[in-house]
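Peer 1: Below is the sequence, then the predicted model.
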Amino acid sequence: MSGTTPELSSDVAVMPQDVVRDATSGSGAPRRRRRNKYRPVWEEQPTKAGQLAKGLTLSAVVLVVLFPLWTVVITSLSTTAATNEAGGLVIVPHSLTFNAYAQVLSGGIVTRAAMVSVGITAVGTTISVVVSVLAAYGLSRPGSFAHRPILFIFLITMFFGAGMIPTYLLVSSLNLIDSYWALILPGAVSAFNVLILRNFFMAIDASILDAARIDGAGEWRILGRIVLPMSKAVVAVVALFYGVGYWNAFFNAMLYINDNAKWPLQLVLRSYVLQGATLPGSGTGQVDVATGAVTGLPVKMAVMVLAIVPILIVYPFIQRHFTKGVIFGAVKG
């Protein structure tokens with residue numbers, strides 16, 4: 001009966017679509033088929049073992065990141081006797097006290113340095129963002145004057161610098177030694193941040209800007225009323241970049257600031273904590289039982305915590321803009 005076609009058995013007809021038989025092995029063991037052949041493998045629903053492995057890996061990474069922070073915070077909250085008993089940094093908390101923070105914030109060089117850092121960060125970030133936005137908007141307009149040569153100059157500065165000695169001579173010739181402007185002006189504009197802003201501005205639909213020009217809007221009004229409201233994400237990210245840079249900077253202060261009263265917090269942190277110098281009022285003696293004063297390592301760790309906390313507070317509010325601001329701004333251009 002060669003002309004007849006064999007009929008399909010009923011058990012094959014009702015076989016689920018995501019299970020097939022392994023015909024080559026002859027074992028008949030079921031093999032799972034991908035639910036959607038058009039979906040990439042990495043978009044498939046993960047298995048329980050894969051989810052468990054990811055969870056354990058992420059937990060290990062979080063512990064590695066948080067353990068140093070935990071040690072620094074607990075040590076700053078400990079007494080001098082507790083640090084002496086632990087032989088240095090404290091891991092297991094006991095005898096916690098806020099006396100170290102009270103001493104640091106009660107006045108003196110740390111409080112003054114914190115105020116200097118806040119002022120430099122606020123003024124410097126404002127100047128840098130304004131100048132970068134203006135430069136990026138001008139470079140993003142194809143018809144702007146000499147935008148290609150200026151853009152080429154910006155790109156050169158990303159790979160070649162003047163060097164430390166010429167920069168110092170320039171700052172000195174401008175009479176900026178021992179001036180707060182020496183901590184702001186030399187690094188006021190970053191070519192990388194300007195390029196990020198420029199690429200984002202270029203991605204804005206040109207028809208929107210042309211419609212504004214037809215309605216009589218000038219470039220300043222277009223920038224303030226259209227471009228900037230549409231670019232809040234990238235501007236916030238760039239402002240964070242500048243703010244973190246100003247807050248963490250210490251090298252310019254080490255070069256240009258000779259007066260200790262004008263030191264920013266990071267230079268105090270480097271000089272008194274990392275280099276082992278003694279903070280005023282934080283000697284290495286024992287705890288003063290009458291006043292509860294804490295000395296030595298807890299005070300230094302308290303300074304370190306105060307230097308970290310502002311960035312930790314600001315970052316969560318800006319983090320959600322990173323994908324849209326930086327990645328999208330860096331793709332086109």
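Peer 2: Structure's in. What do you need? Numbers count the residues shown, from 1 in each chain.
Peer 1: How is the protein divided into domains?
Peer 2: 10-43, 48-97, 102-331 (automatic domain parsing).
Peer 1: Rebuild those as TSV, extending it with mean neighbour count and mean pLDDT.
Peer 2: Heads up, the C-betas are built off the backbone N, CA and C, glycines and all. Converted to TSV, these look like this (neighbours: other Cβ atoms under 10 Å; pLDDT from 0 to 100):
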stretch	mean neighbour count	mean pLDDT
domain 10-43	9	51
domain 48-97	14	87
domain 102-331	17	82
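Peer 1: State the helix or strand in which the closest residue to Trp263 other than its chain neighbours lies.
Peer 2: Excluding the flanking residues, the one nearest Trp263 by Cβ to Cβ, 6 or more residues apart in numbering is Ala113, at 5.3 Å. Taking DSSP states H and E as the definition, Ala113 sits inside helix 109-140.
Peer 1: tell me how far the following helix or strand past that helix is from the chain's mean position?
Peer 2: Downstream of helix 109-140, the first helix or strand assigned by DSSP H and E is helix 147-159. Computed by Cα atoms, centre = their mean, to the nearest Å, the chain-centroid distance of helix 147-159 equals 25 Å.
Peer 1: and helix 147-159 with helix 109-140, angle?
Peer 2: Per axes from the mean of the first three to the mean of the last three Cα atoms, to 10 degrees, the angle that helix 147-159 makes with helix 109-140 is 140 degrees.
Peer 1: Can you work out which other helices and strands pack against helix 147-159?
Peer 2: On a contact count with 3 or more Cβ pairs under 8 Å, 6 or more residues apart in numbering; DSSP states H and E, helix 147-159 meets helix 109-140, helix 191-202.
Peer 1: Output the contacting helices and strands for the longest one.
Peer 2: With contacts taken as 3+ Cβ pairs under 8 Å, 6+ apart, helix 109-140 sits against helix 99-105, helix 147-159, helix 191-202, helix 232-248, helix 265-268, helix 297-319.
Peer 1: and the helix or strand encompassing Leu170, what does it pack onto?
Peer 2: Using DSSP H and E, Leu170 falls within helix 164-173. Counting contacts by 3+ Cβ pairs under 8 Å, 6+ apart, helix 164-173 packs against helix 251-256.
Peer 1: List of residues touching the helix it packs on?
Peer 2: By Cβ atoms under 8 Å, 6 or more residues apart in numbering, the list of residues contacting helix 251-256 from outside reads 164, 168, 171, 176-179, 182-183, 186-187, 262-264, 266-267, 270.
Peer 1: again, but for stretch 118-137
Peer 2: With Cβ under 8 Å, 6+ apart as the test, stretch 118-137 has contacts from 154, 180, 183-184, 188-190, 193-198, 200-201, 219, 223, 227-228, 235, 238-239, 242-243, 246-247, 264, 310.
Peer 1: What of stretch 73-83?
Peer 2: Residues from elsewhere that reach stretch 73-83 (Cβ under 8 Å, 6+ apart): 86, 89-101, 285-287, 294-299, 301-302, 304-305.
Peer 1: how does it look with 6 Å?
Peer 2: 89-90, 93, 95-97, 100, 287, 294-298, 301-302, 305 (Cβ atoms under 6 Å, 6 or more residues apart in numbering).
Peer 1: from these, which single one is nearest Gln51?
Peer 2: Closest to Gln51 out of the contacts of stretch 73-83 is Pro93 (33.0 Å), distances taken as Cβ to Cβ.
Peer 1: follow-up on the earlier one: what separates the residue nearest to Trp263 from Leu267, distance-wise?
Peer 2: Per Cβ to Cβ, to the nearest Å, Ala113 is found 7 Å from Leu267.
Peer 1: now do Val72
Peer 2: Distance, Val72 to Leu267, using Cβ to Cβ: 19 Å.
Peer 1: List the contacts of Ile222.
Peer 2: Contacts for Ile222 (Cβ under 6 Å, 6+ apart) come out as 209, 212.
Peer 1: That one looks like it's in a helix, true?
Peer 2: Yes. Under DSSP: H, G, I helix; E, B strand; the rest coil, Ile222 sits within a helix.
Peer 1: For Ala49, pull up the helix or strand it's in.
Peer 2: If you go by DSSP H and E, Ala49 is part of helix 48-76.
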